[in-house]
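Peer 1: curious how this folds, go ahead:
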Amino acid sequence: MLSDQIKQGVERAPNRSLLYALGMTKEDMDRPIIGVVCSYNEIVPGHMNLDKISQAVKMGILEAGGYPIEFPAIAVCDGIAMGHVGMKYSLVTRDLIADSTEAMALAHQFDGLVMIPNCDKNVPGLLMAAARVNVPTVFVSGGPMLAGTLSDGRRTCLSHMFEAVGAYKAGTMDEEGVLDYEENACPSCGSCSGMYTANSMNCLCEAIGMALPGNGTIPAVHSARLRLAKRAGYQVMEMVKRNIRPRDIMTEAAFRNAEVVDMALGCSTNTMLHLPAIAHEAGIEIDLGMSNEISSKTPNLCHLAPAGDTFMEDLEKAGGVRAVMKELADAGLLDTSLMTVTGKTVKENIEGAVNRDENIIRPLSNPYSRTGGIAVLFGNLAPDGCVVKQSAVAPAMMVHEGPARVFDSEDDAIRAIYEKQIVPGDVVVIRYEGPKGGPGMREMLNPTSAIVGMGLGESVALITDGRFSGATRGASIGHVSPEAAAGGNIALVHEGDRIAIDIPNHTIELKVSDEELAARRSAWVCPEPKIKTGYLARYAKLVTSADKGAVLS
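Peer 2: Numbers count the residues shown, from 1 in each chain. Next up, the predicted model:
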């Protein structure tokens, strides 16, 4: 056992004395020590129930013959951090989580780990740590929030809440209407109820094989979530016994499976940052362009919010991720031979899965579209690529050309949108919000929701080197690479330049000649960093481009 490094032999008597100080007994020293990485805190709604999940996990570990020891991981609520300087600290926590978990796990020589995340950067951060540490590991999340219900009986969610603010600014909703959303959009603990980033990543934990079936969709408030947590405790002990490690599971083929499921579910564009970053930690490099090849063969089967009006609890009732994977596997789109944390193959895990509601999970014979939920666009504005959730784009905006309205920060853009300076046909460009330029690559849910809420969702596009919340819908194109702060062509766009977007053909073009771009580049001077001290300043010096997953070099 790895933990023998801290508990065996006379030389380790000092180490054992400290373990005895924890309350361990001599008999406990013979058990595998399992680290329970719990992301519980009292500020994130998706994490307020994780103490209960942790207790169930620890009970399962004890019953299966292990000794559980809990330690924490941080997490930021993107919704609460949205729209102010706090959002600069969202993506950067992914690396803090990975680094601190690696440090705790290796410093204390745990024999196995159970990761208990739930929200946007917390899940990929712990997956990155799992790949680095590479001891037997099982993931069990806190589960999704229930959908809300407005006073008139309509179901709602957080993305509707943000769009309600835009409607208020447009004069189409009064304060009482906003209050109705405010009090009812988020009715329970859990990760927000649509196919946003947190739920996307928790579903992909299943798809990649690092979580038990049900992890992505069992609601946070259901007792089945506690039973799943207890089984995760049992299963990590089985993995320790069989020495099944994360890098045995997170193979190149497993990441391909994850992208196939991503396309079918219509996941958040943030997965295009996180999957390459996780793969990088496992020694695998993912080419962003591979996503278009996978999308071309993978139909989009689900339209959960923000793309549609169904929610995670509906996906669970319809059969969950297993049912989606069964549809894909039956069409030969998944490698079902791969090992998972169940100790069984993908094929064994999805055997017997049934699609119980073809309105929620469409069969391959009747998909929402023949291509996947995400598209990667290339062109002179984004030579290294940019990303759009095409399943949440109105048909009228799949091909669009218009004049650029250029802003050097999200704050300036949102002000112009609220002041009704943006008109149908415009292409809003928000730059210097990338990984380096932000720094921290803020999510742009406020401006995208304002555009939709003000009735411009089918006539205005938004392009940024920043990124989007999974709750964003519309022609919102992010992750433009290279970013403006790195001298990317997005830094050279002038007010009024024509920009052409063709999502079906994966192109994005700035209608400016190469000669003119060269002249502009010779005159371009990179602005001073927005933040010059602290963690964000260090992050800006180390972070790579969005197309590489915004990993630290």
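
Peer 1: G66 and L22: what is the separation?
Peer 2: G66 sits 15 Å away from L22, going by CB to CB, to the nearest Å. For every residue, glycine as well, the C-beta is placed using N, CA and C.

Peer 1: more neighbours: these two, which one.
Peer 2: The neighbour comparison of G66 against L22 (other CB atoms under 10 Å) goes to G66, with 24 against 9.

Peer 1: now do the helices in the stretch 301-450 of the chain.
Peer 2: For the stretch 301-450 of the chain, the helices defined by DSSP state H, counting those that start in this stretch occupy 312-318, 320-330, 346-350, 410-418, 445-453.

Peer 1: quick one: which of those helices is nearest A550?
Peer 2: Closest of the helices of the stretch 301-450 of the chain to A550 is helix 410-418, at 17.1 Å (criterion: CB to CB).

Peer 1: give me the contacts around that closest one.
Peer 2: The contact list for helix 410-418 (CB atoms under 8 Å, 6 or more residues apart in numbering) reads 83, 166, 169, 405, 407, 422, 428, 430, 433, 442, 444, 446-447, 450-451, 454, 464, 466.

Peer 1: show the contacting residues for A318.
Peer 2: Here A318 is in contact with 355-357, 360-361 (criterion: CB under 8 Å, 6+ apart).

Peer 1: list just the nearest of these to F139.
Peer 2: Nearest to F139, judged by CB to CB, of the contacts of A318 is I361 at 22.5 Å.

Peer 1: quick one on the thing from earlier: which of the contacts of helix 410-418 fall in strands?
Peer 2: Judged by DSSP state E, strands contain the following of these: 405, 407, 428, 430, 464.

Peer 1: return the set of buried residues in stretch 335-350.
Peer 2: Buried residues in stretch 335-350, defined by neighbour count with 16 or more other CB atoms under 10 Å: 335-336, 338-342, 345-347, 349-350.

Peer 1: quick check: end-to-end length of it?
Peer 2: By CA to CA, to the nearest Å, the extent of stretch 335-350 from end to end equals 12 Å.

Peer 1: for stretch 245-253, buried residues please.
Peer 2: 245-246, 248-251.

Peer 1: swap in stretch 396-403?
Peer 2: Quick answer for stretch 396-403 (16+ other CB under 10 Å): 397-398, 400, 402.

Peer 1: for the residue most central in space within the chain, report the pLDDT, please.
Peer 2: Nearest to the geometric centre of the chain sits T197, at 3.5 Å (CA atoms, centre = their mean). At T197, the model reports a pLDDT of 97.

Peer 1: isn't it up against S268?
Peer 2: Yes - using CB atoms under 8 Å, T197 makes contact with S268 at a distance of 4.1 Å.

Peer 1: need the residues touching each of the two.
Peer 2: With CB under 8 Å, 6+ apart as the test, T197 and S268 both reach 469-470.

Peer 1: I414 and A540, how far apart?
Peer 2: Computed as CB to CB, the I414 to A540 distance reads 23 Å.

Peer 1: try K326
Peer 2: Using CB to CB, K326 is found at 44 Å from A540.

Peer 1: and if you look at A103?
Peer 2: Counting by CB to CB, the gap from A103 to A540 is 22 Å.

Peer 1: repeat that for L462.
Peer 2: According to CB to CB, L462 stands 23 Å off from A540.

Peer 1: would you map the strands across the stretch 351-500 of the chain?
Peer 2: 375-379, 382-388, 399-407, 427-430, 461-464, 476-481, 498-502 (DSSP state E, counting those that start in this stretch).

Peer 1: mind putting the ones you listed in a markdown table, mean pLDDT included?
Peer 2: A markdown table is the format used below for the strands of the stretch 351-500 of the chain (pLDDT from 0 to 100):
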| stretch | mean pLDDT |
| --- | --- |
| strand 375-379 | 98 |
| strand 382-388 | 97 |
| strand 399-407 | 98 |
| strand 427-430 | 98 |
| strand 461-464 | 98 |
| strand 476-481 | 98 |
| strand 498-502 | 98 |
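
Peer 1: need those in CSV with distance to I284, can you?
Peer 2: Shown next, in CSV, are the strands of the stretch 351-500 of the chain (distance: least, CB to CB, whole Å):
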stretch, distance to I284
strand 375-379, 18
strand 382-388, 18
strand 399-407, 34
strand 427-430, 32
strand 461-464, 28
strand 476-481, 20
strand 498-502, 31
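
Peer 1: and T156, which of these is closest to it?
Peer 2: For T156, the closest of those is strand 476-481, at 20.5 Å, according to CB to CB.

Peer 1: contact partners of that closest one?
Peer 2: Contact with strand 476-481 is made by 269, 272-273, 377, 381-389, 431, 434, 444, 448, 461-468, 488, 490, 501, 508, 545-547, as judged by CB under 8 Å, 6+ apart.

Peer 1: ok, of the residues you listed, which come out buried?
Peer 2: 269, 272-273, 377, 381-382, 384-389, 431, 434, 444, 448, 461-468, 488, 490, 501, 508, 545-547.

Peer 1: for the helices of the stretch 301-450 of the chain, which one ends up most surrounded?
Peer 2: Among the helices of the stretch 301-450 of the chain, the stretch with the highest mean neighbour count (mean count of other CB atoms under 10 Å) is helix 445-453, at a mean of 27.

Peer 1: got the contact list for that helix?
Peer 2: For helix 445-453, contacts defined as CB under 8 Å, 6+ apart pick out 82-83, 159, 162-170, 410, 413-414, 417-418, 422, 428, 430, 457, 460, 462, 468-469, 471-474, 476.

Peer 1: that helix to strand 476-481, inter-axis angle?
Peer 2: If you take axes from the mean of the first three to the mean of the last three CA atoms, to 10 degrees, helix 445-453 sits at 150 degrees to strand 476-481.

Peer 1: so what's the residue count around the nearest residue to T172 once chain neighbours are set aside?
Peer 2: Closest residue to T172 apart from its sequence neighbours, by CB to CB, 6 or more residues apart in numbering: G455 at 7.2 Å. By other CB under 10 Å, 14 other residues sit near G455.

Peer 1: so how far is L158 from G455?
Peer 2: From G455 to L158 the distance is 20 Å (CB to CB).

Peer 1: S553 too?
Peer 2: Distance check for S553 against L158: by CB to CB, it reads 34 Å.

Peer 1: check G9 too.
Peer 2: Computed as CB to CB, the G9 to L158 distance reads 54 Å.
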